[in-house]
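Asks: Provided below for reference: sequence and predicted model.
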Amino acid sequence: MQRGKVFSRSSYPEYRRILSILRTETVGGGLLLAATVVALIWANSPAADSYFALRDLKIGYEPWHLELSLGHWASDGLLAVFFFLAGLELKREFVAGELRKPARAVVPVAAAIGGVVLPALVYVLFNLGSGGETLNGWAIPTATDIAFALAVLAVINTHLPAALRTFLLTLAVVDDLIAIGIIAFFYSTGLQPLMLVAALIPLALFTFLVQKRIRSWYLLLPLALATWGFVHASGIHATVAGVLLGFAVPVLASGKKGEPAEGLAEHLEHKLRPFSAGFAVPVFAFFSAGVALGGLDGMGAALSDPVALGIVAALVVGKAVGVFGTTFLVTKTTRASLDSSIAWIDLFGLALLAGIGFTVSLLIGELSFGAGSAHNDHAKVAILAGSLISALLAAVVLKARNRRYRQVQADEERDDDGDGVPDVFARA
């Protein structure tokens, strides 16, 4: 990248695709916020026992080791849909999106890595003297919740330029890839190789069918469920099955005569994203976010735990410095420059926004300490507190730039020649 520009606009079709994804995730983020609030109110009300009884209610078939609590079904089952879509989006980005071009990929990839490594180091520094168990939570503050972040943007009514929206989504996609690897390699227990080998059979059949562009749900769904079931039984977290299934789906349309112009990955994304954003993730949040705070004394005790202190510091400081600092270093060392529509303060606001860690952070908290444990409850409080602080700081920075964003948005929507493509994209 010789004196190129970073954060420049993508193509118009890519811009429209990203806008469509962000709209869905923004609605999902609102539902996520609502589910979290309901869970917190219920878990701290006189009827709290009924909330925890519902969360811990077990259903399923025990001979197949699938008699799980509702909370467990939400984290292992419903979140598999979320990770399936993450797998689809990851593959699409590497095959046909922003990550297929090394010059465009280097900054968001580096920023995502910096936004994982530094928060993990901050957390470890806070917990070095607290014993081995607390160090298990090192990965909790490493993930960014795109839906929650977009909900914050919707609430503060900011108008991010297209390049920043693309960067935010790409950063979140790479973040998800790293989180998937962390869950698979560091939070898998009691590995059962035979079950893992068995999972390859339905996965291979699913891959064969989707590569043939077969869209019949009655063929694909049973194979997907079988893959999930075997991976769950193997000791690897079941959400990894969703990622593997997503990676199997072809991104590009076959181009054959009579075949739909819409690729299978795009088709499945359109079908499943509303379910994931509108139901799966909010339900997971409802069962995971509920924690008895115990009033001000309880919150004080929770936030005095090194686990909680480490998470808050990592989300608020570690994420912001990691994402912004890495972006700055990569940009300067490659002698690139920012696009004219963006300033460094915009990147700092986005880096603060990346400190909103929720869905995957809650999941890793449970994997680190166990559902219902004291450390896990303290981690939940810290995730909520750190995400709230990050959101407020990001809102201050980004809202202050909203007048500039409105000017950029007006430029991105202007179509003086009436050809249906905004002029800034036609010139790109």
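Replies: Received, thanks.
Asks: residues in contact with the spatially most central residue of the chain?
Replies: Closest to where the C-alpha atoms of the chain average out (CA atoms, centre = their mean) is residue 145, at 4.5 Å. Shown in contact with residue 145 (CB atoms under 8 Å, 6 or more residues apart in numbering): 32, 356-361, 387. For the C-beta atoms, the positions are set from N, CA and C on the backbone; glycine is no exception.
Asks: Check these against residue 91 and report the nearest one.
Replies: residue 360 (18.7 Å; CB to CB).
Asks: Leaving aside the residues adjacent along the chain, what's closest to the closest one?
Replies: residue 143 (3.7 Å; CB to CB, 6 or more residues apart in numbering).
Asks: Would you confirm that the one you found contacts residue 357?
Replies: Yes: counting by CB atoms under 8 Å, residue 357 is a contact partner of residue 143 at 5.0 Å.
Asks: buried set for stretch 39-58?
Replies: By neighbour count on 16 or more other CB atoms under 10 Å, the buried set for stretch 39-58 is 39-40, 42-44, 51-52, 55.
Asks: Take these and lay them out in TSV including distance to residue 395 and secondary structure.
Replies: Listed next are the buried residues of stretch 39-58 as TSV, based on distance: CB to CB, whole Å; DSSP: H, G, I helix; E, B strand; the rest coil:
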residue	distance to residue 395	secondary structure
39	23	helix
40	20	helix
42	27	helix
43	26	helix
44	25	coil
51	30	helix
52	33	helix
55	31	helix
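Asks: any idea which of those is closest to residue 406?
Replies: Among the buried residues of stretch 39-58, and counting by CB to CB, the member closest to residue 406 is residue 40, at 34.4 Å.
Asks: so who does the closest one touch?
Replies: Shown in contact with residue 40 (CB under 8 Å, 6+ apart): 289-291, 293, 384.
Asks: Same question for residue 31.
Replies: For residue 31, counting by CB under 8 Å, 6+ apart, the contacting residues are 277-278, 281-282.
Asks: related to what we said a few turns ago, now, of the contacts of residue 40, which are buried?
Replies: 289-291, 293, 384.
Asks: and of these, the nearest to residue 139?
Replies: Comparing these against residue 139 with CB to CB places residue 384 closest, at 17.6 Å.
Asks: so residue 168 makes contact with residue 160?
Replies: Yes: taking CB under 8 Å as the definition, residue 168 is a contact partner of residue 160 at 7.4 Å.
Asks: What count of nearby residues applies to residue 155?
Replies: Neighbour count of residue 155, defined by other CB atoms under 10 Å: 14.
Asks: ok, and the closest non-adjacent residue to it?
Replies: Leaving aside its sequence neighbours, residue 155 sits nearest to residue 395 (CB to CB, 6+ apart; 7.8 Å).
Asks: Next up, identify which helix or strand the one you found is on.
Replies: Element membership for residue 395 (DSSP states H and E) is helix 374-400.
Asks: Which single one of the contacts of residue 31 is nearest to residue 405?
Replies: residue 277 (23.9 Å).
Asks: Quick one: residues contacting the closest residue to the closest one other than its chain neighbours.
Replies: Closest residue in space to residue 277, ignoring its immediate chain neighbours: residue 28 at 2.6 Å, by CB to CB, 6+ apart. Residues in contact with residue 28 (CB under 8 Å, 6+ apart) are 147, 276-278, 281-282.
Asks: Output the residues you listed in TSV; the columns should cover neighbour count.
Replies: Output for the contacts of residue 28, formatted as TSV (neighbours: other CB atoms under 10 Å):
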residue	neighbour count
147	28
276	26
277	27
278	16
281	28
282	25
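Asks: Fine by me, we can end here.
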